[in-house]
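>>> A predicted structure for the sequence below; I have some questions about it.
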Amino acid sequence: MKGNKSSNDAKWTETEASTWIGLVQAQQSLIEKVEEELKKKGFPALSWYDVLWELERVENGMLRLNDLGKRVLLDKYNVTRLAQRLEEEGLVERGQCPNDGRGRTASITQKGRKLRKKMWPVYERVVRENFLCKFNKKELKEFKNFIERIQASGLS
């Protein structure tokens, strides 16, 4: 019916709207800045770093592509294609999942580990200069707690 508004249509307060919009814009700006700096230094996109980091973090350096897709920060829908490009560059090796013949895995190579380590100082500097330095230790802990509260709600 026209004119009937459900409780889901409640108007946002200015604080709610500006907080949400600010969070999204800040995240986008930070990612763009990291991408820009990586490119300036001749490195591949942040998504490459993201995949290499997730593979390097696991004990055997190997994950199923489905699991990798759940862990990466960026472009979860494109992990298979990205893993193929990384394999073409010798940064990962793809294979059959040992316990599921239909599943595929990706393993980081030594070349992939070396590239990830070279990219890290650029990534770290941008995050420190444009994000971490804006907060003191107490504020960072509070920020982390806020994020954990959101993640605990089942969104992550």
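In hand now; what should we look at? Predicted model only: the values in this text are computed from it and were never measured.

>>> Low-confidence ranges, this structure, go.
Regions of the chain meeting the criterion pLDDT under 70 cover residues 1-9, 75-76, 155-156.

>>> which residue ranges form the strands in it?
Along the chain, the stretches classed as strands by DSSP state E are 62-64, 92-97, 100-108.

>>> So which of those is nearest Lys39?
Among the strands of the chain, strand 92-97 comes nearest to Lys39, with 21.1 Å by CB to CB. All C-beta atoms are positioned from the backbone trio N, CA, C, and that covers glycine.

>>> which other helices and strands contact that closest one?
Using 3 or more CB pairs under 8 Å, 6 or more residues apart in numbering; DSSP states H and E as the contact criterion, the elements in contact with strand 92-97 are helix 46-57, helix 79-88, strand 100-108.

>>> sorry, back to before: including distance to Arg116, could the strands of the chain go into CSV?
Below are these laid out as CSV (distance: least, CB to CB, whole Å):
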stretch, distance to Arg116
strand 62-64, 15
strand 92-97, 11
strand 100-108, 8
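
>>> Now do Leu52 against Gly112, distance only.
According to CB to CB, to the nearest Å, Leu52 and Gly112 sit 5 Å apart.

>>> Need the overlap of contacts for those two.
Residues touching both Leu52 and Gly112 (CB atoms under 8 Å, 6 or more residues apart in numbering): 86, 91-92.

>>> Among those, find me the one that's closest to Asn66.
Nearest to Asn66 out of the shared contacts of Leu52 and Gly112 is Val92 (CB to CB; 15.2 Å).

>>> Count the residues that sit near the closest one.
Residue crowding around Val92 was assessed by other CB atoms under 10 Å; the count is 28.

>>> Any idea how far the longest helix seen in the chain is from the middle of the chain?
If you go by DSSP state H, the chain has its longest helix at helix 14-40. With CA atoms, centre = their mean, to the nearest Å as the basis, helix 14-40 stands 13 Å off its chain's centre.

>>> Show me what that helix packs onto, helices and strands only.
Counting by 3+ CB pairs under 8 Å, 6+ apart, the packing neighbours recorded for helix 14-40 are helix 46-57, helix 110-130.
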